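Colleague: After the sequence you'll find the predicted model.
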Amino acid sequence: MAGVRLDVTVADITTLDVDAIVNAANTSLLGGGGVDGAIHRGAGPGLLEECRTLGGCKTGEAKITGGYDLPARYVIHTVGPVWQGGDEGEPALLASCYRESLTLARAHDVTTIAFPAISTGRFGFPPDRAAAIAVDTVRAATDDNPGSLGTVTFCCFDDRAAEFHRAALRCEGAGA
């Protein structure tokens, strides 16, 4: 069986026709700025209603909801770490976001999933380090257990973030 395909694109994650998109959420799961706000706006009020029933989410963990008005069937919400210099467990927490999201994806027979650059906006994680952790973690998690996954897309907001992800894809062992 062929391995999971890893892609990089520059796009609005809310427009992607994939089984699941990942939301870089805050701990309340009730919406916010950036990717989180865009996903909540795109999904419509049903997403907020469902998120209210989940009791929030801890940093490094993930929860799944329906996609509502989005093209994606599911939204996987994960809470990335706020960058505090790198010595407060941020790399491990970021890696956990990707692993936990992929675990939920496999449990729901997701074949295509798109990740934003988790924690690199308002949470301040250096985008080059975050990209390396994202790629290495996804590679390791899908090599060990691809499940139903066929394609993982790193959906970047701009060309700079995309280039960090492409560079990480060209390197082995570049992350955490």
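Modeller: Thanks, I have the structure now. Numbers count the residues shown, from 1 in each chain.
Colleague: how about the helices in the chain?
Modeller: With DSSP state H as the criterion, the chain has helices at 34-43, 45-52, 90-107, 127-144, 159-170.
Colleague: Same question for the first one: list its buried residues.
Modeller: Buried residues in helix 34-43, defined by neighbour count with 16 or more other CB atoms under 10 Å: 34-36, 38-40, 42-43. Backbone N, C-alpha and C define where each C-beta goes, glycine included.
Colleague: Return the closest of these with respect to Ile133.
Modeller: Val35 (17.2 Å; CB to CB).
Colleague: Tell me the pLDDT of that closest one.
Modeller: What the model reports as pLDDT for Val35 is 92.
Colleague: which residue sits closest to Gly32 in space, ignoring its chain neighbours?
Modeller: Asn26 (4.8 Å; CB to CB, 6 or more residues apart in numbering).
Colleague: Might you report the residue contacts of Leu70?
Modeller: By CB atoms under 8 Å, 6 or more residues apart in numbering, the residues touching Leu70 are 14, 21, 39, 42-43.
Colleague: Was I right to think Thr78 contacts Thr65?
Modeller: No. Using CB atoms under 8 Å, Thr78 is not in contact with Thr65, being 11.9 Å away.
Colleague: The two: which is more packed in?
Modeller: Applying other CB atoms under 10 Å to Thr78 and Thr65 shows that Thr78 carries more neighbours, namely 29 against 20.
Colleague: quick one, what contacts the more buried one?
Modeller: When contacts are taken as CB under 8 Å, 6+ apart, Thr78 is in contact with 22-25, 57, 60-62, 97-98, 100-101, 118.
Colleague: What of Arg41?
Modeller: Neighbour list for Arg41: Thr14 [criterion: CB under 8 Å, 6+ apart].
Colleague: tell me the pLDDT at it?
Modeller: Reported pLDDT for Arg41: 97.
Colleague: picking up where we left off before, right, so of the helices of the chain, which gets closest to Val152?
Modeller: Proximity to Val152 (CB to CB) singles out helix 127-144 among these, at 5.4 Å.
Colleague: tell me the mean pLDDT for that closest one?
Modeller: If you average the pLDDT over helix 127-144, you get 95.
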